[in-house]
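**Q** sequence first, predicted model second:
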Amino acid sequence: MAQRAIPVKVAAAGRLAAETGFAKSCPPEVGRLLSTAAAAKPAGVIAESGTGAGVGTAWLHSGLAPAARLVTVEREPLLAARAAELFADDPRVEVLTGDWRLLEAHAPFDVFFCDGGGKRDDPERVIDLLAPGGVLIMDDFTPWPQWPPLFQGRVDELRVFYLTHPKLAATEVLTTATTSAVIASRLG
Ligand SMILES: C[S@@+](CC[C@H](N)C(=O)[O-])C[C@H]1O[C@@H](n2cnc3c(N)ncnc32)[C@H](O)[C@@H]1O
């Protein structure tokens, strides 16, 4: 089957991931979801925790409107510096180096791809950083056909937390045959 074109910066970030041996980049299925969410917030603040090699950042960037801005944070200085080079030509993008909490200065977020820091260590804070109507995306879950979702034989309490939180309208979607993502909107 013919594949849709990959955005130029996504391809460049993919090359950086290969060069640095970074193996945790999001797949295109998640990437297109990120692009779609970013495009839905044309004057929005789009955030990402865990830049990695910049693949997810590049997908978010591919949907970024002229009046939107994108901030991402990575705690590994080498990765952050290399990823920053990919976006150096676009003043709408800022790559921060350090802990995910550096993002707080840029909140509230209209889209938050929470992919490195926050998701597990302070989930309540993650939700509080969302603007009303802000969209939270977290990938890398393991699909489970029943409720509650299990992971490694136990109830996946973290997933249940996000899917049932009273401040969120949330759902889980299949991203590949073996992975899913939680997508949630902050209630106004
Ligand atoms: C799953 S990878 C990110 C992949 C990237 N978002 C993408 O889609 O291509 C997670 C990244 O988060 C970073 N990370 C983990 N904990 C962090 C924290 N507390 N603050 C900032 N970055 C963190 C890791 O160094 C790693 O590069």
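**A** Structure's in. What do you need? Numbering: from 1, shown residues only.
**Q** what's the helix or strand for V95?
**A** Using DSSP states H and E, V95 maps to strand 93-97.
**Q** relative to that strand, what are the paired strands and their orientations?
**A** strand 69-74 (parallel) (DSSP bridges).
**Q** quick check: Q146 is in a strand.
**A** No: per DSSP: H, G, I helix; E, B strand; the rest coil, Q146 lies outside any strand segment and is coil.
**Q** where's it relative to P7, distance?
**A** When distance is defined by C-beta to C-beta, to the nearest Å, Q146 is 37 Å away from P7. C-betas here are computed from N, CA, C, even on glycine.
**Q** before we move on, back to that, the strand holding V95: which residues count as buried?
**A** By 16 or more other C-beta atoms under 10 Å, the buried positions in strand 93-97 come out as 93, 95-97.
**Q** same check, this time on stretch 34-49
**A** Neighbour-count burial for stretch 34-49, counted by 16+ other C-beta under 10 Å, picks out 34-35, 37-39, 41, 44-49.
**Q** what is the mean pLDDT for it?
**A** When pLDDT is averaged over stretch 34-49, the result is 98.
**Q** in this protein, which residue sits nearest the ligand?
**A** Among all residues of the chain, G116 sits closest to the ligand, at 2.0 Å; criterion: C-beta to the nearest ligand atom.
**Q** for that residue, pull up the helix or strand it's in.
**A** Counting by DSSP H and E, G116 is part of no helix or strand.
**Q** before we move on, back to that, closest one to S185 out of the buried residues of stretch 34-49, please.
**A** Lowest distance from S185 to these (C-beta to C-beta) belongs to A37, with 10.1 Å.
**Q** correct me, but that closest one touches G133?
**A** No: in this structure, A37 is not within contact of G133 by C-beta atoms under 8 Å, at 11.6 Å.
**Q** with adjacent residues omitted, what lies nearest to the residue nearest the centre of the chain?
**A** In the chain, the centroid-proximal residue (C-alpha atoms, centre = their mean) is F113; its distance is 2.2 Å. Distance criterion C-beta to C-beta, 6 or more residues apart in numbering; nearest residue to F113, sequence neighbours excluded, is E48 at 4.4 Å.
**Q** can you list the residues of this protein near the ligand?
**A** Selection of the chain residues close to the ligand by C-beta under 6 Å from any ligand atom yields 24-26, 48-50, 52, 55-56, 73-76, 79, 99-100, 115-117.
**Q** in whatever helix or strand A11 lives in, which residues are buried?
**A** Counting by DSSP H and E, the element that carries A11 is helix 8-20. Buried residues in helix 8-20, counted by 16+ other C-beta under 10 Å: 9-10, 12-14, 16-17.
**Q** how many neighbours does the residue of the chain closest to the ligand have?
**A** 20 (other C-beta atoms under 10 Å).
**Q** let me see the contact set for it.
**A** Residues in contact with G116 (C-beta atoms under 8 Å, 6 or more residues apart in numbering) are 49-52, 73-75, 100.
**Q** and K167, by the same measure?
**A** Taking C-beta under 8 Å, 6+ apart as the contact definition, K167 lies against 127, 186-187.
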